[in-house]
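# the following block contains a protein sequence and its predicted model.
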Amino acid sequence: MRRILLASLAFFGVVIVVLLVFWLLQPHPRIDAETCEKIQAGMTEREVIDIIGAPAGDYGVGKGEIEIYTRGYIWKVDDPRVKNWLGQEKAIEIVFTDEGKVESRALRDVWRPYESQLDRILQMLQLKERRQRLDVEIF
């Protein structure tokens, strides 16, 4: 009995260490208003990556979608010059010139199906209702 208990504790200890190492190896970008303000016109993408702490991408729980509200509509931007850094609640949207320099920046809201990893697990177990999107038209 004691041997089984020790083996179980060792197993869970290893799992915790592996998860901790995995989490530590993940990028932890700074996606907030303060970081967005540091980004200036004329900067290169490399300079933007250095400020934010990671390349453009989605760094939240579940697939995030940037929401740009205009009079009851959500606009979806599909421009190759636009790169987005999505956090859990906010996104930094950068428009680059054809020469690869920052033309403009914006801080946007992000919609996600989950508020956290715990929320994701509770929804998967059907212990919590799924988050619903706002009732607006999408263009």
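Ah, there it is.
# any low-confidence regions in the protein?
Along the chain, the model assigns pLDDT under 70 to residues 23, 69-77, 133-139.
# remind me, longest helix of it?
Using DSSP state H to define each element, the chain has its longest helix at helix 2-25.
# show the contacting residues for Arg108.
Going by Cβ atoms under 8 Å, 6 or more residues apart in numbering, Arg108 touches 66-68, 84, 90-93. C-beta here means a position set from N, CA and C on the backbone, and glycine is covered the same way.
# how about those residues in TSV, adding distance to Phe11, secondary structure and neighbour count?
Converted to TSV, the contacts of Arg108 look like this (distance: Cβ to Cβ, whole Å; DSSP: H, G, I helix; E, B strand; the rest coil; neighbours: other Cβ atoms under 10 Å):
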residue	distance to Phe11	secondary structure	neighbour count
Ile66	41	strand	21
Glu67	43	strand	17
Ile68	47	strand	15
Asn84	40	strand	18
Lys90	38	strand	19
Ala91	39	strand	24
Ile92	41	strand	26
Glu93	44	strand	19
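# pick the one among these closest to Pro113.
Glu67 (13.3 Å; Cβ to Cβ).
# returning to that earlier point: nearest to Ala56, of the contacts of Arg108?
Asn84 (5.9 Å).
# touching, that closest one and Ala56? I think so.
Yes - contact criterion Cβ atoms under 8 Å: Asn84 and Ala56 qualify, at 5.9 Å.
# between those two, what contacts are shared?
Common neighbours of Asn84 and Ala56 (Cβ under 8 Å, 6+ apart) are Ile94.
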